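Q: next come a sequence and a model predicted from it.
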Amino acid sequence: MLNDWTPDSWRTRVALQQPRYEDPAALARAVAELSALPPLVTTWEVEELRRQLAEAAQGKRFLLQGGDCAESLSECRAEPVTNKLKVLLQMSLVLVHGGQRPVIRVGRFAGQYAKPRSEDTETREGVTLPSYRGDIVNRPAFTAADRRPDPDLLLRGYERAALTLNLIRALSSGGFADLHHPENWDLAFVESSPLAAEYRRIVGSIGESLRFMENVLGVRTGGMEKVDFFSSHEGLHLEYERAQTHLQNGHWYHLATHFPWIGLRTAQLDGAHVEYFRGLRNPIGVKIGASTTAEGLRRLLDLLNPTHLPGRITLIHRFGAGQIAAHLPGLIAAVRDTSHLPLWVCDPMHGNTVTTAAGYKTRRFQAILEELEQAFDLHAQTGGRLGGVHIELTGDDVTECTGGARGLAEVDLKRAYRTEVDPRLNGEQALEMALLIARKMRSLG
Ligand code: PEP
Ligand code: CO
């Protein structure tokens, strides 16, 4: 444990991206109530994830991290949560097949409710209101009442996170996730997809291997009926994060999620977020981008992992397809010169956001794929390995990103554009992306 850190030492630093509550007493009441609620995850699970991430950093596993840009309280329903799980299961199966390595499944779910924004306020037709900062802070509708930060939403978010995790735990430990029955995960609209055949071929070949082991070799493939899912969210709202920080076995753990990450906008070396994360025992993600310097990255690794705890740091890079080649090799070299061994993961979403003439925030499937393919190649060229992908997706049939096998065009976006923040791959686009990533992994061996 660090002797110059407490769960409140971040309060002396500049905390960016925090909401301004009108009634500090109401905030204090909500935070006190939140602090008294039981944790959502256990230290055993957190340690197990860290162990698996350490193996991924050595090339023995691959990380699939995916889910909504921002979860919403109203989407905490059986169907969207189940659909997200289905698509993540399908993708992981395809990635296991392509990479011939176990896949660690981490959802951006069960607590992904706080969003960083580029502006504190938003102005429409002469009216200026606070920006929407995610469902644990305020509401997206453009009225003064909806945009006022409401401390009670911290509790509503925590409760919804618990309900979401409960359903995920039930589904992943019961028959639903059984590898013998991948038909459980079929999404209706993907069945008619141009990609269905390739997916079926992979599922068929995995089924054949299972049957071969069980029937021909007489090996029981026990444990196939359940899978592990871990939760993650951006650790942005520091009051929320702090309220679920627990001292156990001599370490401080954040226990509202397994794997919190520091967003690009709050990764300043002297900022409150880095200070808070510094003292946690959890494995953590750190977003890095075109603004990250080699020296800054080295200092960040020293600060966040002074004891070089294996699996502690996952660097999630997000440059954009046009920028990755200029920035990634220098950062890989900078880390190579240290004795740190972080897990390198590509987020091909956040550097590839564009706005259409009609005003939709979107991402091109092709740009996402290009950044991913370059990431695989750039890591391989330096003798390393890309260890995972971080993707904004949904299992639902939305139209938010263009392209993919069905060639969604800009004019199609209006049909089912539902995200409150960033555009997600729909279930079919996400599965197609996994198939193409698997192809790339096979080609690199
Ligand atoms: C996000 O992951 O939704 C996000 C805001 O990313 P970044 O911090 O990389 O901009
Ligand atoms: Co996002």
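A: Received, thanks. Ligands and ions are numbered 1, 2, ... in the order given.

Q: what does this protein have sitting close to ligand 1?
A: 69, 116, 234, 263-265, 287, 318, 350, 422 (C-beta under 6 Å from any ligand atom). C-beta: built from backbone N, CA, C; applies to glycine.

Q: near ligand 2, which of the residues you listed show up?
A: The residues of the residues of the chain next to ligand 1 that also fall near ligand 2, by C-beta under 5 Å from the ion, are 69, 422.

Q: which of the residues of the chain next to ligand 1 has the largest number of neighbours?
A: In terms of neighbours by other C-beta atoms under 10 Å, those top out with Glu234 at 28 neighbours.

Q: which single residue of this structure approaches ligand 1 most closely?
A: In the chain, no residue comes nearer to ligand 1 than Gly263, which is 3.3 Å away by C-beta to the nearest ligand atom.

Q: I'd assumed Ser118 was in contact with that residue.
A: No. Gly263 is beyond contact range of Ser118, at 12.0 Å (criterion: C-beta atoms under 8 Å).

Q: that older thread, torsion angles phi and psi at the residue of the chain closest to ligand 1?
A: The phi/psi pair for Gly263 (degrees, to the nearest 10) reads phi -70, psi 160.

Q: repeat that for the one 4 residues further on.
A: Dihedral pair for Ala267: phi -100, psi 20, per degrees, to the nearest 10.

Q: for the residue nearest to it when sequence neighbours are not counted, helix, strand, or coil?
A: Of all residues not flanking Ala267 in the chain, Val286 sits nearest, at 6.1 Å (C-beta to C-beta, 6 or more residues apart in numbering). Under DSSP: H, G, I helix; E, B strand; the rest coil, the three-state class of Val286 is strand.

Q: is it true that Val286 touches Leu300?
A: Yes. Using C-beta under 8 Å, Val286 is in contact with Leu300, at 6.6 Å.

Q: between those two, what contacts are shared?
A: By C-beta atoms under 8 Å, 6 or more residues apart in numbering, Val286 and Leu300 have these common neighbours: Ala267.

Q: just grab the bridge partners of the residue of the stretch 251-400 of the chain found nearest ligand 2 for me.
A: The stretch 251-400 of the chain approaches ligand 2 most closely through Glu392 (5.4 Å), counting by C-beta to the ion. Applying DSSP bridges to Glu392 yields these beta-bridge partners: Gly67.

Q: that one: how many residues sit nearby?
A: 27.

Q: please apply the same query to Ala267.
A: When neighbours are counted by other C-beta under 10 Å, Ala267 registers 23.

Q: next: Gln100.
A: Applying other C-beta under 10 Å, we find 12 residues neighbouring Gln100.

Q: remind me which residues of the stretch 151-300 of the chain are low pLDDT?
A: 219-225 (pLDDT under 70).

Q: show me where it has its strands.
A: 230-234, 245-248, 251-254, 259-262, 284-288 (DSSP state E, counting those that start in this stretch).

Q: want to throw those strands into a markdown table with distance to Asn83?
A: Output for the strands of the stretch 151-300 of the chain, formatted as a markdown table (distance: least, C-beta to C-beta, whole Å):
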| stretch | distance to Asn83 |
| --- | --- |
| strand 230-234 | 17 |
| strand 245-248 | 32 |
| strand 251-254 | 28 |
| strand 259-262 | 22 |
| strand 284-288 | 24 |
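
Q: middle-most residue in this protein, spatially?
A: Closest to where the C-alpha atoms of the chain average out (C-alpha atoms, centre = their mean) is Arg108, at 3.9 Å.

Q: for that residue, give me its contacts.
A: 65-69, 71, 232-233, 392.

Q: circling back: as TSV, the residues of the chain next to ligand 1 with distance to Leu53 would be great.
A: Shown next, in TSV, are the residues of the chain next to ligand 1 (distance: C-beta to C-beta, whole Å):
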residue	distance to Leu53
Cys69	22
Pro116	24
Glu234	17
Gly263	19
Leu264	20
Arg265	24
Lys287	16
Arg318	18
His350	21
Asp422	24
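
Q: what about the strands in the stretch 301-445 of the chain?
A: 313-317, 343-346, 354-355, 361-362, 388-392.

Q: how about the residues of the stretch 1-150 of the chain by ligand 2?
A: So the stretch 1-150 of the chain meets ligand 2 at Cys69 (C-beta under 5 Å from the ion).

Q: can you rerun that using 8 Å?
A: Neighbours of ligand 2 within the stretch 1-150 of the chain, by C-beta under 8 Å from the ion: 69-70, 115.

Q: where helices are concerned, which of those residues count?
A: Nothing among those maps onto helices, per DSSP state H.

Q: so can I have JSON lines of these showing distance to Cys76 and pLDDT?
A: Below are these laid out as JSON lines (distance: C-beta to C-beta, whole Å; pLDDT from 0 to 100):
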{"residue": "Cys69", "distance to Cys76": "16", "pLDDT": "98"}
{"residue": "Ala70", "distance to Cys76": "13", "pLDDT": "98"}
{"residue": "Lys115", "distance to Cys76": "17", "pLDDT": "98"}
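
Q: how about the residue of the chain closest to ligand 1, what does it touch?
A: 17, 116, 234, 236, 273, 287.

Q: host element of Glu79?
A: Here Glu79 sits within helix 78-99, counting by DSSP states H and E.

Q: and that helix, C-alpha only, in CSV?
A: What follows is helix 78-99, C-alpha atoms only, in CSV (Å, rounded to 0.1, in the frame of the first residue of the first chain):
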residue,chain,number,x,y,z
ALA,A,78,-33.8,-7.9,-20.4
GLU,A,79,-33.6,-7.6,-24.2
PRO,A,80,-30.8,-5.1,-24.7
VAL,A,81,-28.6,-6.6,-22.0
THR,A,82,-29.1,-10.1,-23.4
ASN,A,83,-28.5,-8.9,-26.9
LYS,A,84,-25.2,-7.3,-25.9
LEU,A,85,-24.1,-10.5,-24.2
LYS,A,86,-25.1,-12.5,-27.3
VAL,A,87,-22.9,-10.4,-29.6
LEU,A,88,-20.0,-10.4,-27.2
LEU,A,89,-20.2,-14.2,-26.9
GLN,A,90,-20.4,-14.6,-30.7
MET,A,91,-17.4,-12.3,-31.2
SER,A,92,-15.4,-14.0,-28.5
LEU,A,93,-16.0,-17.4,-30.2
VAL,A,94,-14.8,-16.1,-33.5
LEU,A,95,-11.7,-14.5,-31.9
VAL,A,96,-10.8,-17.6,-30.0
HIS,A,97,-10.9,-19.4,-33.3
GLY,A,98,-8.9,-16.8,-35.1
GLY,A,99,-6.3,-16.2,-32.4
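
Q: could you identify the helix or strand that succeeds it?
A: strand 103-108.

Q: partner strands of that following strand and their direction?
A: When DSSP bridges is applied, strand 103-108 pairs with strand 62-67 (parallel), strand 230-234 (parallel).

Q: so for that strand, mean pLDDT?
A: For strand 103-108, mean pLDDT is 97.
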